[in-house]
Structures are given as structure tokens and as C-alpha cells.
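Participant: Take a look and give me a structure for this.
(2 chains)
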Amino acid sequence: MNAPAERSVLLVVDDEPRILSALQRCLRREGYEIVTAEGAAAALRALRSRRIDALLTDHKMPGVSGLELIREVATQWPGIPRILLTGWAAEIAPEELRRLGIRALVPKPWNDAELKAVLREALGL
Amino acid sequence: MQLRSTRQSGEDETLGGAGVCVAVLAAPGAALGERTERALRRLGPELRVELFPAARELLARVRSGGVDLLVLEAGRGTEVQRVLGGRSAEDPPALVVAEGADEELALGLFRRGAADCVAVGPDYEEVLPVAALEQIQRYRAALERGAAERRIRWLERLHEAIVEEIPAALAVIDPDGALVTVNPEFSRCFGVAPREAAGRPYASALPADLLASGGVAALLERVAAGRSPAPRLARMAAAGGERAFDVRAQRLDDDGRVLLVLAEVTRTEALSKQVDDLRRYNENIIQNMNSALVVVDLEGVVGYANPAAERILGAPPDRLQGASLWRWFEGALRGRLVERTLREGVRFRGAEGLIVRDSGERVPIGTSCAPLVDGDGVRRGAVVIFQDLTEIKQLQRQVLQAEKMASIGQLAAGVAHEINNPMGFIHANLFQLGEYVQDLARVFEEVQGLRKACATGSLVEVKGAADRVEAVAEEVDADYLLEDCSKAVRESLEGSERIRHIVQDLRAFSHPDGSERSDADVNECLDSTANIVWTMMKHAVVLTKEYQDLPPVRCFPMQLKQVFMNLLVNAYQAIEEAGRGAERRGEILLRTRAARGGVVVEVADDGVGIPAHDLNRIFDPFFTTKEVGVGTGLGLSIAYNIVKRHGGTLRVESEPGARTRFEIFLPRDGGEAAEGGA
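Facilitator: Take a look at the predicted model:
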């Protein structure tokens, strides 16, 4: 994707490639660049190698979980808004969400309009 | 031995009795001694004559017993006096013989206790035997009289002791019904002092209820009439409860006096009532207990069966006795259990098996068997006790199902996640496809316009319509939409296929086994279980499968799946615990192989391991190291029991902090033979 420099960049993380594909499909007309990663390790590589303006990550992933990734981002890149996409919102304690500075919890399966609104807000669009 | 004396009349007089012995005090070698001996010998050849020279020896001989007469020569004056002085009243009589000049002396001795005195004259040898015989007979008679008197005295004492001490009330009653005498027990029992008893009518001395209940009057009448009626049982009211007496009577003499004997049997009665009660109590228990109790002889023929046995065997009442137990107990129940007890005297407890009722119904039973041995220690048969396990089996199945549900509860989170992901993208894709259709519909609308222009319009109109189609197609990015459409549909179909698989796998877990074993492929059981369980753990676990071809195993497949699931969940939890927060994935290795007579399944993990002190407890019910709510603590215990039920073994080895390996062996018949099913 060859986007102009001023376009916002969203990092989307999920161990399920079909989810990444569906998210790209859904967000393709939102006007921001989408970078995908199939796990925390790939996500951290992307974060280190380029500008990222917002993070949207799944929670349950093999190895390092979404929450652990967010914790890492909160430490290293506190300025990046962090959004958790999960079917298990109830399993995460609210104080944990606050402490990690999670901007929003988006349920999975998601509502396209709701997701788009959350992301627009996070990216300041 | 008989002693003979020859009287002048020539008649023989005999003296009965054995061992007649005469001790003679005589000067050694004197002619008189020889004559005396010769004279005494005339009494009989067996008569023993013993000569003693001095009083001391003779008296010692007398003390040792068996001497009937002493013959003392008066001429041995001092010695004779010593003998007479040393005798006691019970000793044999002493007969003094004196020659002429000694006669005066002899008379003196006679006065000092000698029994008789015989002069030694020409007829000495005729006179002495007669005198000796008389003394011997007199002495013997006296001895017998003494013995008889002693015997009478002894009998009297015995009688007195019996009457005094016997724990029975005795009364002598005269023909008019008056008491003649009573014993102390009678006084104690009925409060009649012995002194007041005489002359009192017995009917006033004994309680009326005792007389009535024992029929005492009739008893006495019959005895008086010379008959021997059977003893009666009589009762009387008393402080502290009723007292019972055995009543009998005996006619004592021709005057019509009767001995009445009342022996208290209250305690005996109470004991016999207790024995009766106990017997009824036991009978009650055996009749009403839920367990069947059957006694069989060495051939297996039923000698006794309680109602529970009839119920469980489905036999009509009272038809079991005489029937062969083998009609119901077949296969291992008969051969390995009851017949072994009959043959070898081996006891069994809690063995399980199946019996087949006449109706064809199969009933699971638990049975115990013990040899029946008679008083001489000879085996006579066996006592077989069994219970209907139908309900217990049902409960077992329920517990199994409950545990399965609990395990499935643990799975649910993983499974839901697995379903949720495809649901997520299918949902999003459908939403997008909806938008695509709207966009493409706009293009199609322009295409309709183009078709219309082609049919009716000018070239300019056609060109304009084609431009509009082009513009809208461009605007909605139709090429991309068409391409992505099929991609979105493909991906969604794949997602729905995944969901379908998961649901199928889950369904395979939801229905229980039937009551019969079936042939199953253990690899398939293990693999389908691993697939479903893996959905919950795939983010943390690498699953390696090494399956070899296996022979079919007779089993309850769902139960085996339950075993595999419990072991897999256990392995997963061990890995989770070991690798919390780490990026490393654990490994579970599933391995199967055919082994002698069956199959072996291994489930190994590289999780936390099990501490040595827990190793022998992990199969205990409710043993858990997990937090409350995480596990039931039944998983491994149930796995163990299922494997045991299949006649197999479940072993575990573990290296704490490194790895754990469970190994299951299952025999090909799945424990069917051991269960005794026909």
C-alpha cells in the first residue's frame, strides 16, 4: 500500500488471518493505512520499524496474549491508542483495562459501524 | 478264694473273699510255729500265713493292710503284750495260743483284748482252724457292716446336701394334700418356713396362679394314681417380672406320698425366648434385606434362598429351592467364583458380573461368596450373597456424565473461542458482501440503461450509457469488489466449515454409551478426543501424534474418550501451569501401539510434572492440586476406574518440573470376560 505520508497507520493484530482479512475488507475505505500482524512478535517488529498511530489487537493468541502486547506498548509507546478486540471482555478486570490505558473494548464479532467509530476517534479523524 | 474248715460233722464251711492272710507271732524255728502254720493251712491252700518274730514287724505288717487275723504265741509274753497294746479297734482280731503252763498267762492276755484263746493240746490242729475261721468271719462281717453303715451315712449326707442345696423347690405331700416336709429352696421361693410347712395344705402354700397355670392338682392326682405324667410349665407373677417353673412329681411310697419338684426356669425361659427372638430377628433380616442370600450345596443346587434372591433372579416365589444356581450364574460368575469357592474353599467379595433372567433380561450384580463348612470342618456348599447393581450402575453413569460435563465446561471456553473467531469474520464478511451487492447493483443499474440504449437509442446514447457504466464501476471499484466477493465467500465458507467440525466433535461427546461393549478403533477414539480438546489448547500446545495400527478393542468408546479427554485436559493444565506468561509452547505427545493381548496408549506432556508425594494420590477421588472451581478432583480417579473396568491398567510416571507420562494398557476384550457376561 503506497499511502501518502500524512495518512494515519493502524496496526491490526490477530492470530487468525481470516479475521485480519475481514477487518481489512471492512476498513478499506476508512482512509487510513492498515498494517497487519499475525501475533504479538510480528506486531512488535512492526512497531519498532515504522510509525504506528493506533493499535487494534485480539486478546487470545498463542504465546503472548493481546493484553500482554498492550502492556508492552503502554510501556514503550505510551502515545499509541490501544484498542482490544475480544469476545471475552467480561474476563478482563476493569481496573486492568484502566491501568493499561485501553481506549476501548470492541466485542467480537464486531459491529462495523461501531468499530469504525472507535477507530476514527482513536486516530483523531 | 475259699477257706475250708473241717468240722467234726465233716461238713465243709467256706469263707468267701480273696486274699485271706494270717499274721503269726512265733519264735523262730520253734515247733509250735510249724504246728500253727500247718493247722491254719487246713483252712485252704491259698491262705497266706506270715510268721513274724517280733511285735514291731507284725504291727508294721498290720498297718499295711490286708491281714485278717493275728495269731500270737503266749510264750512270747512281752512281744504279745506289745502287739495287743499297739492294736487299735479296727485292726484284725488277735487269737492267743498257749501251751499248758501258759494258760494262766493266756487268760490274762485274753482279758487285755485278745479275741480268743486256744490251748495247744493234742487236738490243737483241729481246734485252731475252727477258732481262726470264726474270728476271720466275724472280722469280715464287722468290716462289711462298717462299710454298709458308712454307705448309709454317706447316702444320708448326700440326700441332705441335695435337698438343702438343689436349686429346686421340693415338697413331700401326703395323700390328703398336706405338706409333709419342704426344702429350704421351697421356703425361699414360696415363703413357707420348713417348720410351719408340715401339715399345711399344699394348695395354700403355693401361689394360686402357679397352681392353675401348671395344672398342679391334676399332676399330683395322676402321680398318686401311679401314672408318670410329663413335666408341666407353671408361671407365677412376681416382683420384677414373671417367674417360670418346671413342675414334676414322683410317687414316693405305697402310702401315696408324693414328691413335688418345682425347678425355676425363668432364666432358661428368658434365654430360650432370647434365642427365639434372635432367630426371628435373623430370619427377619435375611427375609427383608435387599441383598440376595442363597445357600447352595457342592453341586450348586439351591438349599435356601431369601425373597431378595427370588426378586433379583426373577424367579417365582418358592421355586428356587432345589433349582441349580447355574441356571442364572454362568461363565465367570460360576466358573471363577462360586465353583472355586465350592472346590477350593476360596472366599470372594464384591466381584461383579451379569446374570440372565429367564425373561432374557440381564442384571448386573455384585456378589460375595463364602464356603459353608459343617461342625467337622467339612465343606458342604457355599453361601452366595449378591446385590442388584442396576441402580448403582446408573449412578455411576450419571457421575461419569457429570464429570464429563465438568470437563466439557473447561473445554467450553476454548471451544467458544474457536467458534467465535470464524463467527467474527463470517459476520463481518456477510456485512461487507451486503455492501458489495449494493455497489454492484448500482453498476448493474447503469448496465440496464446501456442495454436499453443499445436496443432503442442512437450511438451517442449508447456511448453515454457506456460511460456512465464505466464511471460507476470505477467509483465503486467493481473489479476489486468482484474479485474480493469470491474471496470473502470462500473465506466465510471455510469458517463455517470449521464451526461445523467443532460442533460435530462436540456432539460426539454428548451421547452416552449403551450398556454393551462394542468393538472400537482406539486410534479413532483418541484422535477425535484430541481434536476437540486441542481447540481449547492450541494457542499453548503443540500436539504430536504417533499412532500405530491397532486391533479393535471391545470397549465403551465414550468412556474411553472420557479417559483420553481427562488425561489431555490434565496435560494441558500441567503445561499452562509450567508456561504461564512465557512465549514457549508446551508439547503433548500421543502415542499408540499394539501390545501383547491389547493396546497401549501414551499421553505425555512437558508440563509441571507431579511431585513424588502426590504420585500415589492422583487417582484418589477428589484429590486436586487446583484451585476450587477449576477441577472436580474426579478426572483422574474416573479415568482410573474406567480403565480398571476395561480390565486394563493406568500407570503414571513423572519428573517434577519436566514431564509426565500416563500409560494406559487395554486388553482386547476390554474386561468383558472378567465381568462374567454371558
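Participant: who's in contact with the worst-scoring helix or strand of chain A on mean pLDDT?
Facilitator: Ranked by mean pLDDT, DSSP states H and E, the weakest helix or strand in chain A is helix A:94-99, scoring a mean of 83. Contacts with helix A:94-99, where a contact means CB atoms under 8 Å, 6 or more residues apart in numbering or on different chains, come from A:Leu67, A:Leu84, A:Leu105. (C-beta placed from N, C-alpha, C; glycine too.)
Participant: Among these, which are located in strands?
Facilitator: Members of the contacts of helix A:94-99 lying in strands (criterion: DSSP state E): A:Leu84, A:Leu105.
Participant: For the longest strand anywhere in chain B, what is the distance to the chain centroid?
Facilitator: Criterion DSSP E: the longest strand present in chain B is strand B:362-373. Per CA atoms, centre = their mean, to the nearest Å, the displacement of strand B:362-373 from the mean C-alpha position of its chain is 14 Å.
Participant: Just the residues contacting that strand, thanks.
Facilitator: So strand B:362-373 is in contact with B:295, B:312, B:314, B:333, B:337-338, B:341-342, B:345-357, B:379-390, B:392-393, B:515, B:677-678, going by CB under 8 Å, 6+ apart.
Participant: what about the residue nearest to B:Cys555 when sequence neighbours are not counted, distance to chain A?
Facilitator: Distances taken as CB to CB, 6 or more residues apart in numbering or on different chains place B:Gly670 nearest to B:Cys555, at 4.2 Å, with adjacent residues excluded. For B:Gly670, the distance to chain A (CB to the nearest CB, to the nearest Å) stands at 37 Å.
Participant: residues touching B:Cys485, list them.
Facilitator: Per CB under 8 Å, 6+ apart, neighbours of B:Cys485: B:Leu433, B:Tyr436, B:Leu440.
Participant: pLDDT of the next helix or strand after the longest strand of chain B, averaged?
Facilitator: With elements assigned by DSSP states H and E, the helix or strand that comes after strand B:362-373 is strand B:379-388. The average pLDDT for strand B:379-388 rounds to 92.
Participant: What strands line up against strand B:379-388, and which way round?
Facilitator: Strand pairing for strand B:379-388, using DSSP bridges, gives strand B:292-297 (antiparallel), strand B:362-373 (antiparallel).
Participant: Check which residues of the last one are buried.
Facilitator: Spelled out, it's strand B:362-373. Neighbour-count burial for strand B:362-373 flags B:Val363, B:Pro364, B:Ile365, B:Gly366, B:Thr367, B:Ser368, B:Cys369, B:Pro371, B:Leu372 (criterion: 16 or more other CB atoms under 10 Å in any protein chain shown).
Participant: Counting neighbours, what do you get for B:Ala147?
Facilitator: B:Ala147: 10 surrounding residues under other CB atoms under 10 Å in any protein chain shown.
Participant: element containing it?
Facilitator: Assigned by DSSP H and E, B:Ala147 belongs to helix B:124-165.
Participant: B:Lys644 now?
Facilitator: helix B:635-645.
Participant: just B:Gly360 next, same as before
Facilitator: Using DSSP H and E, B:Gly360 sits in no helix or strand.
Participant: So the spatially most central residue of chain A versus A:Ala40, what's the distance?
Facilitator: The structure's chain A has its C-alpha centroid closest to A:Leu56; by CA atoms, centre = their mean the separation is 0.9 Å. A:Leu56 sits 13 Å away from A:Ala40, going by CB to CB, to the nearest Å.
Participant: Repeat that for B:Arg222.
Facilitator: According to CB to CB, B:Arg222 stands 115 Å off from A:Ala40.
Participant: Is the residue nearest to the centre of chain A bridged to anything, and to what?
Facilitator: Taking DSSP bridges as the rule, A:Leu56 bridges to A:Val12, A:Ile83.
Participant: Surely B:Asp102 is in contact with B:Gly75?
Facilitator: Yes - using CB atoms under 8 Å, B:Asp102 is in contact with B:Gly75, at 5.6 Å.
Participant: Which parts of chain A are helices?
Facilitator: Under the criterion DSSP state H, chain A contains helices at A:17-27, A:40-49, A:66-76, A:94-99, A:112-122.
Participant: from the ones you listed, which stretch is densest packed?
Facilitator: Of all the helices of chain A, helix A:17-27 has the most neighbours on average by mean count of other CB atoms under 10 Å in any protein chain shown, namely a mean of 21.
Participant: Of the buried residues of strand B:362-373, which is the nearest to chain A?
Facilitator: B:Pro364 (44.4 Å; CB to the nearest CB).
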